[in-house]
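**Student:** here you go, sequence then predicted model.
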Amino acid sequence: MTNGTARSLDALDARIILALDKDPEASALALSRTLGVARNTVHARLRRLEEGGALKSFSRRLDPAALGFGLMAFVSLAISQTRAGSVEGGLAAIPEVIEVHATTGDHDLMARVVARDTADLYRVTNQLLEIDGIVRTSTAISVLEIIPARFDGLLNRLKDQEQPAGRTGV
């Protein structure tokens with residue numbers, strides 16, 4: 001879920017993030033040289049992006065298969081509205097549940113889960129059904145990732161926009 005208080009990114013933020021995509025280990029000094037921006041500006045921007053929630057934890061880039069979880073599935077969950085709090089806590093307690101979104105439509109939540117194989121997925125889905133407040137589930141196994149999560153197109157569009165008048169480098 002996105003943080004409603006996170007400030008919007010600008011063209012310089014986009015340029016910094018795209019440069020980090022090219023070289024994730026780049027220091028603030030290296031980024032400042034690459035981008036032609038003061039090191040202190042880059043450092044302040046990175047700190048603000050992290051503190052504001054725009055940059056997520058590094059582990060979100062991890063491929064679950066590298067941990068032995070090569071099967072990905074999406075589980076639609078119908079929940080009892082009076083038990084929403086216990087459902088959230090129950091889902092958070094299952095490590096194989098790696099992402100959950102509140103949704104519209106026939107189900108209330110959509111969970112992205114990982115498993116080692118189909119037998120392991122069966123175990124995970126049974127754990128989901130044991131959570132107080134989950135009424136029913138529907139599972140779809142991902143057979144192939146066609147387009148992975150990506151933001152470079154949006155960042156490239158943003159970096160090409162002009163900086164608003166009166167805005168300074170920080």
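**Tutor:** Arrived safely, thanks for sending. Numbers count the residues shown, from 1 in each chain.

**Student:** for residue 139, list each beta-bridge partner.
**Tutor:** Applying DSSP bridges to residue 139 gives these bridge partners: residue 75.

**Student:** report how many residues lie close to it.
**Tutor:** Close neighbours of residue 139, defined as other Cβ atoms under 10 Å, add up to 16. For the C-beta atoms, the positions are set from N, CA and C on the backbone; glycine is no exception.

**Student:** list the contacts of it.
**Tutor:** 73, 74, 75, 76, 121, 125 (Cβ atoms under 8 Å, 6 or more residues apart in numbering).

**Student:** wait, which of these is closest to residue 41?
**Tutor:** Of all the contacts of residue 139, the one with the least separation from residue 41 (Cβ to Cβ) is residue 74, at 40.7 Å.

**Student:** contact partners for the closest residue to that closest one other than its chain neighbours?
**Tutor:** Nearest non-adjacent residue to residue 74, counting by Cβ to Cβ, 6 or more residues apart in numbering: residue 140, 4.9 Å away. By Cβ under 8 Å, 6+ apart, the contact set of residue 140 is 73, 74, 75, 76.

**Student:** would you mind giving the domain segments of this structure?
**Tutor:** Following automatic domain parsing, one gets these domains for the chain: 11-60, 64-142.

**Student:** what average pLDDT does the shortest one get?
**Tutor:** The average pLDDT within domain 11-60 is 93.

**Student:** same deal with stretch 129-145?
**Tutor:** What stretch 129-145 shows for mean pLDDT is 96.

**Student:** pull out the buried residues from it.
**Tutor:** Neighbour counts over stretch 129-145 (16 or more other Cβ atoms under 10 Å) mark 131, 133, 134, 137, 139 as buried.
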